[in-house]
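Engineer: make a model of this:
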Amino acid sequence: MTEKHCILLSFLLFGLLLASCGNVSTLTPHHAESPETTVDGNLNDWPTADTQIFSSEAFRFYAKRDSENLYIFVDFLSPYYNEVVNKSGFILYMSQEDQNRKRKGLGFPSGSFHQLREQPGRYEELTTNLEWLNNPQNHDVLDGLETENFERIMIIERYESGSPQYGFVSRSQVEAIGVELEASTDRRYYGMEYKIPLNNAAPFELLPGETYWLGFAIEPPEFRFRDDTNTTTSPDRYGGGMYGRQRSRSSDQTEMNQAMRRQFGQYEEWFKVRIPEE
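Structural biologist: So this is what the prediction gives:
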């Protein structure tokens, strides 16, 4: 095979990969009228074989509905993710907007990093000072915030322009609009259960007969660490010097910041869900 044919084949394979990534099938949640679901953070009253929508080594996701509510269950299977969400939180997204799938989300657990947003000075230090996490006093602050992870619910809103908006409400405030959240925290790994009304209520404004994007995400902070000790370019691992390939210090910093996000559990999984009319 000639070099030209190899290049053409590579482009064809890349195109097929993109097409397969964009082809998301639409799921219909299992309809279960009885027995009535008790939101308790356990799968005891779930027909798991009928409601599972995704399974991996890290998570199992389940979804079902009755005439009034959509139910979602997240079953943690990984010690790594079970730990990182204590700081980075776990977010449920639902939206009809393809280009703005993250328009509204619920953070549960909220995550101590996110709760620190209410202390802007400390949050700025967390995201810009590489030494902040090495201070034992700062770990004490984060540990104290973790005790509220399942009681203070994070609300995220993203508009067409501008930065995400983060707010925190109590569990009772969420329950007042018909949303129920519960987590089992006394077993090996977390189990988290959601009940979301199908009556156009906030935050997701769900209605039967509509199709929604359903997303699960772990979103650590956007770290912005800087190393001002050397502002010159640095040699690339594959060559350097005057005539070799060079990589800017800012590129190294970007890679370090992205690596920090991955270390703290950055994760996304998306599905399309249609909720039929009765």
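
Engineer: quick one: Asp75 and Leu43 touch, right?
Structural biologist: Yes. Counting by C-beta atoms under 8 Å, Leu43 is a contact partner of Asp75 at 6.8 Å. For glycine as for every other residue, the C-beta is placed from the backbone atoms N, C-alpha and C.

Engineer: quick check: neighbours shared by these two?
Structural biologist: Here Asp75 and Leu43 share the contacting residues Tyr62, Gly191, scored by C-beta atoms under 8 Å, 6 or more residues apart in numbering.

Engineer: which pLDDT value belongs to the residue nearest in space to the middle of the chain?
Structural biologist: With distances taken as C-alpha atoms, centre = their mean, the residue of the chain nearest its centroid is Ala217 (1.1 Å). On pLDDT, Ala217 comes in at 98.

Engineer: dump the residue contacts of it.
Structural biologist: When contacts are counted by C-beta under 8 Å, 6+ apart, Ala217 touches Phe90, Ile91, Tyr93, Lys102, Gly105, Tyr267, Glu268, Glu269.

Engineer: mind checking which of these land in strands?
Structural biologist: Those of the contacts of Ala217 mapping onto strands are Ile91, Tyr93, Gly105, Tyr267, Glu268, Glu269, per DSSP state E.

Engineer: partner residues bridging the residue lying closest to the second one once chain neighbours are set aside?
Structural biologist: With C-beta to C-beta, 6 or more residues apart in numbering as the measure, Gly215 is the residue that lies nearest to Tyr93, at 3.7 Å, once sequence neighbours are left out. Beta-bridge pairing for Gly215 (DSSP bridges): Tyr93, Trp270.

Engineer: on that earlier part again, between Asp75 and Leu43, who's got more neighbours?
Structural biologist: More crowded of Asp75 and Leu43, by other C-beta atoms under 10 Å: Asp75, with 20 against 17.

Engineer: can I get the helix or strand harbouring the residue nearest to the centre of the chain as PDB, trimmed to CA atoms?
Structural biologist: Using DSSP states H and E, Ala217 sits in strand 210-218. Presented in PDB, the C-alpha positions along strand 210-218 are these (Å, rounded to 0.1, in the frame of the first residue of the first chain):
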ATOM      1  CA  GLU A 210     -40.000  15.400  25.300                       C
ATOM      2  CA  THR A 211     -36.400  14.200  24.700                       C
ATOM      3  CA  TYR A 212     -33.500  15.400  26.900                       C
ATOM      4  CA  TRP A 213     -29.800  15.100  27.200                       C
ATOM      5  CA  LEU A 214     -28.900  13.300  30.400                       C
ATOM      6  CA  GLY A 215     -25.300  13.800  31.700                       C
ATOM      7  CA  PHE A 216     -23.200  12.600  34.600                       C
ATOM      8  CA  ALA A 217     -20.100  14.600  35.300                       C
ATOM      9  CA  ILE A 218     -17.300  15.100  37.800                       C
END
